[in-house]
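please find the sequence and the predicted model below.
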Amino acid sequence: MRPAILILLSALPIAGGQLTPERLRYPDRPGTFLKGLHQSAVTGAPYSWQNQQDTSFEHWQKRARKRLRELIGLNQMEKNLADFQPSVRMQPEKIVTQDGHSWHRAKGVLRPEPEVEIPFWMLTPVNNGITQRPLAICAHGHDTDGWNTYAGVYRDNQHRDTTLAKDGDIAVQAVKQGYVCLVPATRGLAAAAAIPDLNGRHGNRACRAQLIHSLLAGRTAIGERVWDVQRLLDWALENLIQIDRSRILMTGNSGGGVLTAYTAALDERVTVAIPSCSFTAATSRTGYVFHCDCCVVPGLQSELGGFPELGGLIAPRALLTVHGKKDGLHSHDDVQRAMAHVEQLFRAAGGESHFLFQWGEQGHQFYPERMWPFVTREFDID
Ligand SMILES: [Zn+2]
């Protein structure tokens, strides 16, 4: 029997509708405390660009990236896994044809550490003589079937219809344009790559169970997810000779966008990053936390200065951030504030022409009409 499909979002609103300033207001005393707590953390963060302007931007990036690797637990994972060789095994592929386009679709399994298996889809355009192709890594968020959703592998007609209604088949869109696509299951979010929350100890949330286990081991949930993507990328660049290393796109909506932002900040092999409906401040001016618990990186604000600093670690590589005007998970003002900060960081990096922020007209979803023209321009695709 199939597991029940549970779709959660990156931070569940208490009730439907927009996150208006009213809904972000805490009562007086905890409100004053929270505001002071987070503002003083951000202001005093030793690794923010603001507090490191005695050095060059590149030098700040090196320092901040090194600190972020520690905060996110990648150093701990490297230590844990020093003697382990990650591997991938592929299953036979089949040809899929849709709307006049054909591609190979093959399932693979990544083994990023002992006793962990991450299934993924690989979509490859049927060869028409083009030898160098861009790569798209598509990282899904809080959808237990997200890697299937993104790759257009549907359970039933309803799954297909709800996906297409929100332009959620992002890897299918990419392969039709000639990209080689990798669509991994996200650890702790996909049912196929999650640890069960025994007895509902963590609120019946697999992603929170992953967070707690990883924190106790000196890691973070998001760090484990970055690790998985990096190991998949290692494999792809070593084994898929048709990939053009200068054109590596990573994208994801919601929790997949958070993963995109961290991966691109830490791994310079990603040349274009498009976090969709996810790139904002970690906390509002009032101290409200926007992302799901599983996205937390302890010390992100007190050490690095906050989520928008990730933009500075991506610069001057290309970054497009998109938000939906009707997205009930993010606040308009805090998104604008975060984007103004990212823009400043790109300017400091001399890369302002490679940063773009766009509003989509709908809610918490991909906006292909905003995304693909940006990537095409950045990749200089005719
Ligand atoms: Zn979560």
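Here it is on my side, so go on. Since the structure is predicted, the reported quantities are computational estimates derived from the model, not experimental observations.

please count neighbours and contacts with C-alpha atoms only from this point.
Fine.

all strands of the stretch 1-150 of the chain, in order?
87-90, 94-98, 101-113, 116-125, 133-138 (DSSP state E, counting those that start in this stretch).

gap between the longest one and the chain center?
Spelled out, that is strand 101-113. Counting by C-alpha atoms, centre = their mean, to the nearest Å, strand 101-113 is centred 19 Å from the centre of its parent chain.

redo the strands of the stretch 1-150 of the chain as a markdown table? Include mean pLDDT and mean neighbour count.
Output for the strands of the stretch 1-150 of the chain, formatted as a markdown table (pLDDT from 0 to 100; neighbours: other C-alpha atoms under 10 Å):
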| stretch | mean pLDDT | mean neighbour count |
| --- | --- | --- |
| strand 87-90 | 98 | 14 |
| strand 94-98 | 95 | 12 |
| strand 101-113 | 97 | 19 |
| strand 116-125 | 97 | 23 |
| strand 133-138 | 97 | 25 |
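
how about the residues of the stretch 101-250 of the chain that lie near the ion?
Counting by C-alpha under 5 Å from the ion, the residues of the stretch 101-250 of the chain close to the ion are Cys207.

6 Å instead?
Cys207, Arg208 (C-alpha under 6 Å from the ion).

nearest to the ion: which residue in the stretch 101-250 of the chain?
Residue of the stretch 101-250 of the chain nearest the ion, by C-alpha to the ion: Cys207 (4.5 Å).

give me the nearest residue to that residue, chain neighbours excluded.
Once flanking residues are discounted, Cys207 sits nearest to Gly188: 4.6 Å by C-alpha to C-alpha, 6 or more residues apart in numbering.

isn't the one you found right up against Arg205?
No. If you go by C-alpha atoms under 8 Å, Gly188 and Arg205 don't touch, sitting 9.0 Å apart.

the more surrounded of those two?
Per other C-alpha atoms under 10 Å, whichever of Gly188 and Arg205 has more neighbours is Gly188, with 26 against 21.

what's near enough to touch that one?
Ala194, Ile195, Ala206, Cys207, Arg208, Ala209, Gln210, Ala221 (C-alpha atoms under 8 Å, 6 or more residues apart in numbering).

cool, and Arg111?
By C-alpha under 8 Å, 6+ apart, the residues touching Arg111 are Pro86, Ser87, Val88, Glu117, Ile118.

if we go to 10 Å?
Phe84, Gln85, Pro86, Ser87, Val88, Arg89, Glu117, Ile118, Pro119, Asp228, Arg231, Leu232 (C-alpha atoms under 10 Å, 6 or more residues apart in numbering).

beta partners of it?
Beta-bridge pairing for Arg111 (DSSP bridges): Ser87.

that one and Glu93, how far apart?
Arg111 sits 19 Å away from Glu93, going by C-alpha to C-alpha, to the nearest Å.

so who does the residue of the stretch 101-250 of the chain closest to the ion touch?
So Cys207 contacts 142, 186-190, 194-197, 221-222, 292-295 (C-alpha under 10 Å, 6+ apart).

which strand or helix spans it?
In the assignment (DSSP states H and E), Cys207 maps to helix 206-216.

pull that helix out as CSV, backbone CA atoms only.
The C-alpha trace of helix 206-216 is given here as CSV (Å, rounded to 0.1, in the frame of the first residue of the first chain):
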residue,chain,number,x,y,z
ALA,A,206,9.5,13.4,10.0
CYS,A,207,11.4,16.5,9.1
ARG,A,208,11.4,17.5,12.8
ALA,A,209,12.5,14.0,13.8
GLN,A,210,15.4,14.4,11.3
LEU,A,211,16.3,17.7,12.8
ILE,A,212,16.5,16.4,16.4
HIS,A,213,18.5,13.4,15.5
SER,A,214,20.9,15.4,13.4
LEU,A,215,21.4,18.2,16.1
LEU,A,216,22.2,15.6,18.7
